[in-house]
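[1] Give the three-dimensional model of this entry:
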Amino acid sequence: MKPREIIILLLAAAFGAIAIVTWNGEEEAKQQTAKALAELSKTKADAEAASKQAATSLAKTKADAEAAAKLAAEALAKAKADAAQTVADLAKAKEDAAKAAVKAAELEKAKNDAAARVNELNAELAKLRDGSELKEAIASRKKAEADLEAASAALREANAKLAAALTRIAELEEENRRLREQPRGTPNTSPNYRVL
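    Okay, the predicted model is just below:
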């Protein structure tokens, strides 16, 4: 029995004893005692019923707690498995992020290179549109033609000088041949002598 029930029974007995002492008549005291005993029995029966109900409730609470503990253990195991999967997913996500960062850097470089090439092409297109490149080419051609004309004149002059030099060489060779054929006193019998 619970302490509360024992206290209730003791109070009921005490009240019963007080009632017995204070009643004047024995018959009335007997009735009061019987009544107090009946109330005591009823209180005892209520206490036992409450005790049984409490035991039943305790057993049900224990069963519910065990079921809840089992569910909590299953949930914990599932949470651990989910956490392990999450860690694996996080590692893969980090790896994918690193690869994506490298690819992004490559694409950024390619974008910058493409932008620089577009700027070059735009500059070339602007030159072609305003004809400055064509004007430069025409000016270069004119300069080249002038240089060619100057070179042609210099070549003609050089050819004329070459022709004059060749004529002079021919004249000198003829003079040399003529001088070799002229007799020169006594011939030199030295083996090292060469006729000019």
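
[2] Specify the helix with the largest residue count in this protein.
    Using DSSP state H to define each element, the chain has its longest helix at helix 26-130.

[3] now that helix, how far from the centre of its chain.
    Relative to its chain's centre, helix 26-130 lies at 29 Å (C-alpha atoms, centre = their mean, to the nearest Å).

[4] Could you pull up the mean pLDDT of it?
    Averaging pLDDT along helix 26-130 yields 85.

[5] name the helices or strands packed onto it?
    The elements that helix 26-130 packs onto, with contact taken as 3 or more C-beta pairs under 8 Å, 6 or more residues apart in numbering; DSSP states H and E, are helix 3-22, helix 132-181. For glycine as for every other residue, the C-beta is placed from the backbone atoms N, C-alpha and C.

[6] Outline the domain layout of the chain.
    Domain assignment for the chain, taken from automatic domain parsing, gives 3-130, 142-179.

[7] quick one: which of the helices and strands packed on helix 26-130 has the weakest pLDDT on average?
    Mean pLDDT is lowest for helix 3-22 among the helices and strands packed on helix 26-130, at a mean of 73.

[8] what sits up against that helix?
    A29, Q32, T33, A36, L37, E39, L40, T43, K44, A47, A50, S51 (C-beta atoms under 8 Å, 6 or more residues apart in numbering).

[9] and it, how far from the chain's centre?
    82 Å.

[10] can you give me the angle that helix makes with helix 26-130?
    Relative orientation of helix 3-22 versus helix 26-130 (axes from the mean of the first three to the mean of the last three C-alpha atoms, to 10 degrees): 150 degrees.

[11] sorry, back to before: tell me which of the domains of the chain sits nearest to E136.
    If you check each of those against E136 by C-beta to C-beta, domain 3-130 wins as the nearest, at 8.7 Å.

[12] How many residues are close by A36?
    19 (other C-beta atoms under 10 Å).

[13] Pull the number of nearby residues for the closest residue to it other than its chain neighbours.
    Residue nearest to A36 in three dimensions, not counting chain neighbours: G16, with 3.1 Å by C-beta to C-beta, 6 or more residues apart in numbering. Neighbour count for G16, taken as other C-beta under 10 Å: 18.

[14] now G16: how far from A45?
    The gap separating G16 from A45 is 16 Å, by C-beta to C-beta, to the nearest Å.

[15] Same question for K80.
    K80 is 52 Å from A45, by C-beta to C-beta.

[16] Grab the most central residue of the protein for me.
    Most central in the chain under C-alpha atoms, centre = their mean is A97, positioned 2.8 Å from the mean C-alpha point.

[17] mind checking which of the helices and strands packed on helix 26-130 is nearest N119?
    helix 132-181 (16.5 Å).
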